[in-house]
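*Asks:* I'd like to go over a predicted model; first the sequence, then the structure.
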Amino acid sequence: RVGVVLAVAISIHNIPEGLCVSLPIYFATGNRTKAFLWGSLSGIFEPVAAFFGWLVLASVMTPAIYAVLFGWISGMMVMICIKEILPTAFRYDPKDTVVTHSVVAGMAVIALSLVLFAVN
């Protein structure tokens with residue numbers, strides 16, 4: 001059950017992440033296709049990397065190691081968004097027509113996934 005919930009949560013998480021990748025590219029180039037392709041490409045590599053990580057580390061992973069890694073990676077993702085992705089998005093959307101709404105929508109999707117797929 002945990003694996004299915006985690007897979008769904010990661011899939012839902014890819015939506016706001018794809019937006020954070022795609023929006024700066026769209027505003028920089030004005031090309032929706034290019035933005036969509038780069039956003040999709042960034043999401044495709046996550047499960048591939050996860051599979052190879054599982055192949056290498058499956059025998060040594062414990063719940064404590066998972067907890068530390070999830071905290072570490074989520075912190076890195078937040079810092080990348082705050083320090084790199086959001087400033088770039090705002091630079092290409094100076095009137096803030098899309099960025100803030102997309103960030104809030106992404107947070108809502110993540111919060112909803114945490115509530116709907118909570119594992120007790």
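*Replies:* Thanks, I have it.

*Asks:* Just the helices from the protein, written as ranges.
*Replies:* All helices of the chain, identified by DSSP state H, fall at 2-29, 32-57, 63-80, 86-92, 99-116.

*Asks:* okay if I get those helices as CSV plus mean pLDDT and mean neighbour count?
*Replies:* C-beta here means a position set from N, CA and C on the backbone, and glycine is covered the same way. As requested, those are exported to CSV (pLDDT from 0 to 100; neighbours: other CB atoms under 10 Å):
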stretch, mean pLDDT, mean neighbour count
helix 2-29, 83, 17
helix 32-57, 88, 13
helix 63-80, 90, 10
helix 86-92, 92, 17
helix 99-116, 88, 14
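
*Asks:* Would you mind measuring from the most centrally placed residue in the chain to F36?
*Replies:* Among the residues of the chain, the one closest to the centroid is E17, at 3.5 Å (CA atoms, centre = their mean). Using CB to CB, to the nearest Å, E17 is found at 14 Å from F36.

*Asks:* do the same with L114
*Replies:* Distance from L114 to F36, counting by CB to CB: 27 Å.

*Asks:* Give me the phi and psi for the residue of the chain most remote from its centre.
*Replies:* Checked against the mean C-alpha position of the chain, the extreme residue using CA atoms, centre = their mean is S59, at a distance of 26.4 Å. When quoted as degrees, to the nearest 10, the phi and psi of S59 stand at phi -80, psi -20.

*Asks:* Please tell me how far it sits from K34.
*Replies:* Between S59 and K34 the computed distance is 41 Å (CB to CB).

*Asks:* these two touch, right, S40 and G18?
*Replies:* Yes - using CB atoms under 8 Å, S40 makes contact with G18 at a distance of 6.9 Å.

*Asks:* Nearest spatial neighbour of R32, chain-adjacent residues omitted?
*Replies:* What sits nearest to R32 in space, not counting adjacent residues and going by CB to CB, 6 or more residues apart in numbering, is Y26, at 6.1 Å.

*Asks:* In contact with the one you found, which residues are there?
*Replies:* The contact partners of Y26, taken as CB atoms under 8 Å, 6 or more residues apart in numbering, are 32, 34-35.

*Asks:* Let me have the residues you listed in TSV, adding distance to V8 as columns.
*Replies:* Formatted as TSV, the contacts of Y26 follow (distance: CB to CB, whole Å):
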residue	distance to V8
R32	27
K34	29
A35	25
